[in-house]
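S.K.: got a structure for you, letters missing:
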DNA sequence: GCTAGATAGTTTCACGTGCAACTATCTAAG
DNA sequence: CTTAGATAGTTGCACGTGAAACTATCTAGC
């Protein structure tokens, strides 16, 4: 009889680890500002890029369902952390960007989160960290998860 | 201004990868039998161990909320894939075990899932796979995620 | 042997999310 | 110009999940 140790089964380990990491992060910092994971993803995308982005673009970049992004955007708008700019060329689409308030929030959040990430990886040597990231990249690629911003733009454009 | 590329941020990558792997697995095989992830976790735990386990034990092993396990157990019982054995020593607790039907299901599922896992990791060399698993183990350990069956038993016992 | 607190498991409730339907707008074909 | 189909974004709905309350049972202290 073939058996399977769940604790050594990669899908389970990934799921467990992702859940733990996510709650560790959102619990300590994100929740503090009353923003949840989807809102954080919107902020992170807008903060990282220079140009304003459409909701569609954010949805594809972050691989988050458009309705989830829509609700996150609504919430961020309500708290004036982002703002919408009408797109003259296509009035279905809105360009989103951080407000001054949103930028401050972003700049407060980033160092903390990066620090947390480093904390989490501090159990690995520099070499191990690099290899781990590379392996992750290969798996992502094989699952067709690698969405470059170029591809997203291309997709968004079509 | 410090920036953060979400696509290179480990927590995001883990979350995305875990979600993708999970749906790939559950979509193709688990859904086929009408069992969801929590039910699969119960089956996997019961199938892997020889002795019947309590719901509590499964909850701790799989790090899944006890109410979720409770619902999964109810569903599995309904379809006669597992059965309950009264515990004479402690009548609050029920011991769970696979039925013959459940065992057949388990034995059908395991090879497929293991194959899927290998598929997923086929983009890595043997060495890379080993290193990846080791790194994952270190991160799990640093987050105190490593729940050995011994610890679970100890916890369950107290 | 009673009582207070702990524990196993269930159930209720609130909430976040994906899907599908919907509105508004754009584009291409005739 | 009109119409059919595509696309951006929103909303209603169904569902799964975690927290907390609840029931039944166990254990320790008196």
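M.R.: Okay, I see it. Note that this is a predicted model, so its numbers are computed, not measured.
S.K.: Those residues of chain A touching DNA strand C, which are they?
M.R.: With the criterion set to CB under 7 Å from any atom of the strand, chain A comes near DNA strand C through A:36, A:37, A:38, A:64, A:65, A:67, A:68, A:71, A:89, A:90, A:91, A:92. Heads up, the C-betas are built off the backbone N, CA and C, glycines and all.
S.K.: for the last one, helix, strand, or coil?
M.R.: Think residue A:92. Here residue A:92 takes the coil state, with states given by DSSP: H, G, I helix; E, B strand; the rest coil.
S.K.: From the structure, what's the count of residues near it?
M.R.: 7 (other CB atoms under 10 Å in any protein chain shown).
S.K.: before we move on, what about the second one?
M.R.: The local packing of residue A:37 (other CB under 10 Å) involves 19 other residues.
S.K.: what about chain A, any weak spots by pLDDT?
M.R.: A:28, A:146-158 (pLDDT under 70).
S.K.: Quick check: next helix or strand after the biggest helix by length in it?
M.R.: Taking residue count as the measure and DSSP state H as the definition, the longest helix of chain A comes out as helix A:100-121. Taking DSSP states H and E as the definition, the helix or strand that follows helix A:100-121 towards the C-terminus is helix A:126-142.
S.K.: And the closest residue to residue A:121 other than its chain neighbours, how far from residue A:4?
M.R.: Once its chain neighbours are removed from consideration, residue A:121 has its nearest residue in residue A:129; the separation is 5.4 Å (CB to CB, 6 or more residues apart in numbering or on different chains). For residue A:129, the distance to residue A:4 equals 29 Å [CB to CB, to the nearest Å].
S.K.: So between the two, which is more surrounded?
M.R.: Under the neighbour definition other CB under 10 Å, residue A:129 and residue A:4 were set side by side, and residue A:4 has more, 19 against 16.
S.K.: Could you measure from the more buried one over to residue A:113?
M.R.: When CB to CB is the yardstick, residue A:4 and residue A:113 sit 35 Å from each other.
S.K.: Can you tell me the closest non-neighbouring residue to the residue most central in space within chain A?
M.R.: Closest to where the C-alpha atoms of chain A average out (CA atoms, centre = their mean) is residue A:41, at 3.9 Å. The spatially closest residue to residue A:41, leaving aside those adjacent along the chain, is residue A:62, at 4.4 Å (CB to CB, 6+ apart).
S.K.: what's the answer for residue A:18, then?
M.R.: Here the residue nearest residue A:18, using CB to CB, 6+ apart, is residue B:18, at 3.8 Å.
S.K.: Give me the distance from the helix or strand hosting the one you found to the chain's centre.
M.R.: Following DSSP H and E, one finds residue B:18 within helix B:10-25. Taking CA atoms, centre = their mean, to the nearest Å, one finds the center of helix B:10-25 at 15 Å from the center of the full chain.
S.K.: now for that helix, which elements pack on it?
M.R.: If you count contacts as 3 or more CB pairs under 8 Å, 6 or more residues apart in numbering or on different chains; DSSP states H and E, helix B:10-25 packs onto helix A:10-25, helix A:37-48, helix A:100-121, helix A:126-142, helix B:100-121.
S.K.: which stretch among those helices comes nearest DNA strand D?
M.R.: Across the helices and strands packed on helix B:10-25, DNA strand D has its closest neighbour in helix A:10-25 (7.3 Å, CB to the nearest atom of the strand).
S.K.: contacts for the closest one?
M.R.: A:6-7, A:37, A:113, A:116, A:120, B:10-11, B:14-15, B:17-19, B:21-22, B:25, B:37, B:41, B:44, B:62-63, B:113, B:116-117, B:120-121, B:133, B:136, B:139-140, B:143, B:145 (CB atoms under 8 Å, 6 or more residues apart in numbering or on different chains).
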